[in-house]
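S.K.: Turn this into a structure:
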Amino acid sequence: MTAVLTTTLRVVIAMLFVSQVASAEVVRVDVRSRDDFGTHERVIARVHYAVDPKLPVNQAIADLAFAPRNADGKVEFAGDLLLFLPRQTTSARGTVFLEVVNRGRDQSLGLMSDARQRDLAPENWNLGDRFLLEQGFTVAFLGWQFDVQPGDGLSLTVPTAPVSGVVRASAITVSRSGPGGAIGLAYCAADASQPDATLTFRSEIEKAPMVFPRDSWQFASDGCAVRRAAGFDAGLNEVIYKATGSPVAGLGLAAVRDFASYLKFGGGTATLRENPTLMRRVIGFGYSQSGRFLREFVRDGFNQDERGRAAFDGLMVASAGAGGGSFNHRFASPGQAGNSVLSIFRPVDLPPFTDDGLLLKAKAASVVPRIFYTFSSTEYWARAGSLTHTNETGTSDVPFASTSRLYFLTGTPHASGGLPPTPQQTRYALNFADQKWVLRALLIDLDKWVTSDAEPPPSRYPTLAQHQLVLRDAVQFPKIPSLPFASYMPGVWQMDYGTDYAATKVITKEPPALGAPFPVLVPQVNADGNDVGGVALPEVAVPLGTHTGWNVSTYPLSGLRYLAGLVGSFQPFAKTRAEREQSGDSRPSIEERYTNRQDYLQRVKRAATELVRERFVLDSDVEALVQQADQTWTVIVGR
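M.R.: Residues are numbered from 1 along each chain as shown. Coordinates of the predicted model:
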């Protein structure tokens, strides 16, 4: 009897200890303002966190052990919050849409609601057509990135660990700089004299760099820039040096985890949780950089909070491709991306790429979220998207987990251009295909999946088995004299940052040693040059031209295998058969496809109605979708 009581007492004490630990995750919420926002209440606040470095779930945070601690032995940090709370419980979904902001600002509002931000102060954010609010979501935008500057959006303040290490700063110049040019450094050199620091240059990504003599360049007196009297040539210039004092960047992952958990489960304070029915479930959204953040978030075990509970019920990981990011290592640079956007050899595109490895820790902790991945065409061309569903040799398909879906939005670019289509430092006009209609429907599908277990639409993406996924050289691109097919694409390599990087997140080898390249595959195209194998938006199902996920920069950087970053291209069909034949274009002209504008719009409506049936478009959006197609016809074809 005594032994049973002793055991019971130990369990109770342990539970109390865990409860006390948990209450320290979100320490307090300082509300700056609460005001009326129509159907919702708008809250602008600062969230204060504290994490215990000794807990296993926090030991994945790089350099956390070296960070300053408070009297309770915890590491403190704080970040910005913009929150919209439904006023009426009856019309609220009970689901939080929590956007992990991209470099301090929204992406969902522009993508789903046509919002355009002119002022990034949270009280001035534009919500466009308020789709998220009208659908009854509690909507949160959370700062997580330590290097977002004041006035540039929502940020996170983290402590600095008193550590030292090697740093590589890259600067890609598109034309030769004049004498005395300078390269700014995000991390200042620990010693401006550093005799063993190196400055290198290369114009081809796979060739060994040229090393400049040490006496031909200098650090600025404060160590925060590099100057070279002769200037810098067009290409990749890199300085490798030692720095001291690294922000604990990985606390951004903990902030997202702990705030999502706080909304669902509460903590040491009740601020913002006066009506818990508004936040029974949390869906995380990230686009591009913040989508890569969510991939790394799950991969590194952050969907398990300090009490072992799932922070997110669902994730919408949009346009992330196969990557993670420079989010959680010593001297991190969260704004950096992959080779396709001139951010050369950063720890972004690192395995595991497929769900087998990505979800390993979440499965072990029983905290696997329901995930919707979405790809634009650019994800295959510039973000190594094929690696998420093939083996690393590119020879066989790898299925997604039963809890995940991938939807390839064919013909859409990562970053859309406008109408009329025009080049922007690119050789070809920008692709304007719009992801909005499908993203809106998919969000509702995901909410139904996590709320009522309603099965979502099956994945839709190109596969090797269906001969829809191929090497670039095997793409059967049509003859379009005004849009020649891309002759190369960005590469992705195995990269070695030092023997202890995986365990310590400390880079000791800069630049990383390159291993074999990963075979990156792209979608096959139809006779119009439009991708196959995904969800065909009306722009592609009923086309007025060719929409690609790639474009070519006007900068002469082919040696670095740079195309045009994250934009696509658009080339309209010839208006008449005579124009087509004269130019040598193999694609049927507009007059050969459509009788007139009304014929075109009727086909668009039929395509949209089919997408409604498949749950890729909301029925309430069909009319606006057709109106948009009408405007597109006017711009491309004329009145």
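S.K.: Neighbours of residue 210, how many?
M.R.: Using other CB atoms under 10 Å, residue 210 has 12 other residues around it. To be clear about C-beta, it is placed using only N, CA and C from the backbone, and glycine gets the same treatment.
S.K.: and if you look at residue 231?
M.R.: The burial count assigned to residue 231 is 14, neighbours taken as other CB under 10 Å.
S.K.: is it true that it touches residue 179?
M.R.: Yes: when contacts are counted by CB atoms under 8 Å, residue 231 is listed as touching residue 179 (5.1 Å).
S.K.: pLDDT below threshold where in this protein?
M.R.: Scanning the chain for pLDDT under 70 picks out the ranges 1-24, 178.
S.K.: now with 50?
M.R.: 1-23 (pLDDT under 50).
S.K.: The residue nearest to the spatial centre of it and residue 44, how far apart?
M.R.: Centroid-nearest residue in the chain, with CA atoms, centre = their mean: residue 288, separated by 2.2 Å. Per CB to CB, to the nearest Å, residue 288 is found 25 Å from residue 44.
S.K.: Kindly report the same for residue 614.
M.R.: Noted for residue 614: a distance of 39 Å to residue 44, by CB to CB.
S.K.: Give me the more crowded residue out of those two.
M.R.: For residue 614 and residue 44, the more surrounded residue by other CB under 10 Å is residue 44, and the numbers stand at 18 against 13.
S.K.: quick one, what contacts the more buried one?
M.R.: Going by CB atoms under 8 Å, 6 or more residues apart in numbering, residue 44 touches 31-33, 81-83, 122-123.
S.K.: any idea which of those residues is closest to residue 278?
M.R.: Minimum distance to residue 278 across the contacts of residue 44 is 10.3 Å, recorded for residue 83 (CB to CB).
S.K.: Looks like that closest one contacts residue 47 (just checking).
M.R.: No: the pair residue 83 and residue 47 does not pass the contact test of CB under 8 Å, sitting 9.7 Å apart.
S.K.: okay, now residue 416: neighbour count?
M.R.: Per other CB under 10 Å, the neighbour tally for residue 416 reads 19.
S.K.: Look at the residue nearest to it when sequence neighbours are not counted and give its secondary structure.
M.R.: Nearest-residue entry for residue 416: residue 432, 5.6 Å, with adjacent residues in sequence omitted and distances by CB to CB, 6 or more residues apart in numbering. Classification of residue 432 using DSSP: H, G, I helix; E, B strand; the rest coil returns coil.
S.K.: so what's residue 432 up against?
M.R.: 416-419, 421, 539, 570, 632.
S.K.: Can you list which of the residues you listed are found in helices?
M.R.: Using DSSP state H, the subset of those located in helices is 539, 632.
S.K.: Weed out the non-buried ones from the contacts of residue 432.
M.R.: 416-417, 421, 539, 570, 632 (16 or more other CB atoms under 10 Å).
S.K.: want to throw the contacts of residue 432 into TSV with distance to residue 354?
M.R.: Shown next, in TSV, are the contacts of residue 432 (distance: CB to CB, whole Å):
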residue	distance to residue 354
416	28
417	32
418	35
419	37
421	35
539	30
570	32
632	37
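S.K.: which pair in the contacts of residue 432 spans the largest distance?
M.R.: The widest separation within the contacts of residue 432 (CB to CB) is 13.7 Å, between 418 and 539.
S.K.: Now the terminal residues of stretch 458-468, how far apart.
M.R.: The first and final residues of stretch 458-468 sit 17 Å from each other (CA to CA, to the nearest Å).
S.K.: buried stuff in it?
M.R.: Of the residues in stretch 458-468, those buried (16+ other CB under 10 Å) are 459-464, 468.
S.K.: Any chance you could list what contacts stretch 144-154?
M.R.: For stretch 144-154, using CB under 8 Å, 6+ apart, the contacting residues are 79-82, 100-101, 103-105, 120-122, 141-143, 155-158, 186, 247, 249, 251-253, 255-256, 293, 333-335.
S.K.: Inside strands: which ones of the residues you listed?
M.R.: Among these, the subset assigned to strands under DSSP state E consists of 79-82, 100, 141-142, 156-157, 247.
S.K.: Put together CSV for the buried ones among the contacts of residue 432, with distance to residue 477 on each row.
M.R.: Putting these into CSV (distance: CB to CB, whole Å) gives the following:
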residue, distance to residue 477
416, 21
417, 20
421, 19
539, 18
570, 15
632, 23
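S.K.: Identify, from those residues, the entry nearest to residue 116.
M.R.: residue 416 (12.5 Å).
S.K.: Any buried residues in whichever strand or helix holds residue 109, and which?
M.R.: Taking DSSP states H and E as the definition, residue 109 sits inside helix 108-113. For helix 108-113, burial by neighbour count (16+ other CB under 10 Å) applies to 108-113.
S.K.: residues in contact with the helix or strand that comes right after it?
M.R.: Using DSSP H and E, the helix or strand that follows helix 108-113 towards the C-terminus is helix 131-134. Residues from elsewhere that reach helix 131-134 (CB under 8 Å, 6+ apart): 37-40, 84, 86, 97, 108-109, 112-113, 127, 139, 440.
S.K.: what about the closest residue to residue 373 other than its chain neighbours, which helix or strand?
M.R.: Spatial nearest neighbour of residue 373, excluding adjacent residues (CB to CB, 6+ apart): residue 406 at 4.5 Å. Using DSSP H and E, residue 406 falls within strand 404-410.
S.K.: Using PDB, write out every CA atom in that strand.
M.R.: Only the C-alpha atoms of strand 404-410 are listed here, as PDB (Å, rounded to 0.1, in the frame of the first residue of the first chain):
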ATOM      1  CA  SER A 404      -0.200  14.400 -46.600                       C
ATOM      2  CA  ARG A 405      -1.400  15.600 -50.000                       C
ATOM      3  CA  LEU A 406       0.500  17.400 -52.900                       C
ATOM      4  CA  TYR A 407      -1.300  19.600 -55.300                       C
ATOM      5  CA  PHE A 408       0.600  20.800 -58.300                       C
ATOM      6  CA  LEU A 409      -1.000  24.000 -59.700                       C
ATOM      7  CA  THR A 410       0.000  23.600 -63.300                       C
END
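S.K.: next helix or strand past that strand?
M.R.: Next along from strand 404-410, by DSSP H and E: helix 436-452.
S.K.: For that next one, name the packing helices and strands.
M.R.: With contacts taken as 3 or more CB pairs under 8 Å, 6 or more residues apart in numbering; DSSP states H and E, helix 436-452 sits against strand 95-100, helix 108-113, strand 281-287, strand 314-318, strand 370-375, strand 404-410, helix 597-613.
S.K.: Quick one: closest of those to residue 223.
M.R.: Short answer: strand 95-100, nearest of these by CB to CB, at 32.4 Å.
S.K.: what is the orientation angle of the closest one with helix 436-452?
M.R.: 130 degrees (axes from the mean of the first three to the mean of the last three CA atoms, to 10 degrees).
S.K.: What pairs with strand 95-100, parallel or antiparallel?
M.R.: Strand 95-100 has its sheet partners listed here by DSSP bridges as strand 138-142 (parallel), strand 281-287 (parallel).
S.K.: is it true that residue 280 touches residue 263?
M.R.: No: when contacts are counted by CB under 8 Å, residue 280 is not listed as touching residue 263 (9.4 Å).
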